[in-house]
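Student: okay, sequence plus prediction incoming.
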Amino acid sequence: MKLPLLKKITFVKKGSKPPQLTSKKGKRQLVIAIDKRQKFVIAVFILSTILFASQYQFARLGVVVSIIMAIVTNIFLYWAVKNDLKENFSWSVFLLPFFYSLSFSLFYFLIPARLLFRLILTSLYAFGLYSLFLSQNIFIVSSIRTIALLSGARIVSFVITLISYFFLTNTLFTLHLTLPPMLVLLGLYTFPLIMQSIWTYTLQKSVQSVTVWVAALTLCILETGVLLWFWPSNPTVTALFLTGFFYTIVGLSHIWFDKRLFRGVLWEYVWVGVTVFFVLLLFTSWGK
C-alpha cells in the first residue's frame, strides 16, 4: 500500500526563486514567496482581531491579555525583520511596539462597551501598528546605511510614542493608586519610551552614552507626576498635561541631538507646554 505524498509549505523571502512545485523522493514542496510587508499585514490582522475580541472573551484578564499582546507584537516584529537584525541588533527597536500594544489593550478596557467605539479604536490601533512596523524597519536599515525615509519614520515614531504615553498615563491615573506604586509604574514605562525616542535620533547599539540624559528627563517627569498626584483634576486632563510635558522635553532633546535648536523651533515646544498648562488650569476642580 502506497503512502500519500507529504506536502509541505515553505516561505521564502521576496526576490528569491519564484513559487514552484518540486519533487524529491516522493515529497512535494510548495514554495510561497512572502516579504516583510506581507508579514506586517498578517501580524496587524491577527493582533487587531485579538484586541477586538479581548473585551468580549477576556474582560476579567485584562492585564494578562495586555502583556501577552505586547509580547506577541515583538515576536511578530522579530519574525519579519530577523534577517536585517543579524547585521545590527538593538533592543531599542522592540521597546515602542511593546508599549504601543500594551497601551491600547489596557486603554481598551476603559472605553464604553459600544461597538462603534471599539471599531474606531481597533482601526486606529491597526493603522498605527502597521505604520510603527514600517518605521522600526526603517530604523533598522538606517543603522546600516543612510536612507531618505528616516526623517518621516522619526515623526511617525514620535507621534505613536505620544499616543502610547497618553493611553498608559490615563490608565495609570484612572487606577487612583497611592503615590509610591504610581511613581514606580510611571517610571517603568517613561524611561524606556524616552530611551526609544532618543535612540531614533542616535541609532546606536549602545545606549550608555544617553542613559544619564534619559534618566534626567525621566526624573523631571516623575517630579511632575508627584505634583499631579495631588492636583485636583480628572485622569484624562492629567494624562494630557503629562503627555504635553513629555512632548516638550523629549522634543527639545530631539532637536538638540539633531543640532537644530534654534529660537523659532524652541518657541514651538514652549507654546505647547504653555497650552497644556492652561488646559490643566481650566479643567481643574478647585472646589474639591
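Tutor: Yes, it's here. Numbers count the residues shown, from 1 in each chain.
Student: okay, now the unreliable bits of the stretch 151-288 of the chain?
Tutor: Residues of the stretch 151-288 of the chain meeting the criterion pLDDT under 70: 205-207, 286-288.
Student: now do the helices in the stretch 51-200 of the chain.
Tutor: Here the stretch 51-200 of the chain has its helices, by DSSP state H, counting those that start in this stretch, at 62-85, 95-108, 115-142, 150-174, 179-202.
Student: including distance to residue 258, could the ones you listed go into CSV?
Tutor: In this view, the C-beta of every residue, glycine as well, is placed from N, C-alpha and C. Output for the helices of the stretch 51-200 of the chain, formatted as CSV (distance: least, Cβ to Cβ, whole Å):
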stretch, distance to residue 258
helix 62-85, 24
helix 95-108, 19
helix 115-142, 14
helix 150-174, 9
helix 179-202, 6
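Student: most tightly surrounded among those helices?
Tutor: Counting by mean count of other Cβ atoms under 10 Å, helix 95-108 has the highest mean neighbour count of these, with a mean of 24.
Student: for residue 261, what are phi and psi?
Tutor: When read as degrees, to the nearest 10, the backbone of residue 261 gives phi -80, psi 70.
Student: quick revisit: out of the helices of the stretch 51-200 of the chain, nearest to residue 211?
Tutor: helix 179-202 (7.9 Å; Cβ to Cβ).
Student: now that closest one and helix 150-174, what's the angle there?
Tutor: Going by axes from the mean of the first three to the mean of the last three Cα atoms, to 10 degrees, helix 179-202 is angled at 180 degrees with respect to helix 150-174.
Student: and helix 179-202, C-alpha only, in PDB?
Tutor: Listed in PDB are the C-alpha atoms of helix 179-202, where the atom choice follows Å, rounded to 0.1, in the frame of the first residue of the first chain:
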ATOM      1  CA  LEU A 179       1.900  57.700  45.500                       C
ATOM      2  CA  PRO A 180       4.700  55.100  45.700                       C
ATOM      3  CA  PRO A 181       3.200  52.500  43.300                       C
ATOM      4  CA  MET A 182       2.100  55.200  41.000                       C
ATOM      5  CA  LEU A 183       5.600  56.600  40.700                       C
ATOM      6  CA  VAL A 184       7.100  53.100  40.200                       C
ATOM      7  CA  LEU A 185       4.600  52.300  37.300                       C
ATOM      8  CA  LEU A 186       5.100  55.800  35.800                       C
ATOM      9  CA  GLY A 187       8.900  55.300  35.800                       C
ATOM     10  CA  LEU A 188       8.600  51.800  34.400                       C
ATOM     11  CA  TYR A 189       7.200  53.000  31.100                       C
ATOM     12  CA  THR A 190       8.500  56.600  31.000                       C
ATOM     13  CA  PHE A 191      12.200  55.600  31.000                       C
ATOM     14  CA  PRO A 192      12.000  53.100  28.100                       C
ATOM     15  CA  LEU A 193       9.800  55.300  26.000                       C
ATOM     16  CA  ILE A 194      12.200  58.200  26.400                       C
ATOM     17  CA  MET A 195      15.100  55.900  25.700                       C
ATOM     18  CA  GLN A 196      13.500  54.600  22.500                       C
ATOM     19  CA  SER A 197      12.600  58.100  21.300                       C
ATOM     20  CA  ILE A 198      16.200  59.300  21.800                       C
ATOM     21  CA  TRP A 199      17.500  56.200  20.100                       C
ATOM     22  CA  THR A 200      15.700  57.100  16.900                       C
ATOM     23  CA  TYR A 201      18.000  60.100  16.600                       C
ATOM     24  CA  THR A 202      21.200  58.400  17.600                       C
END
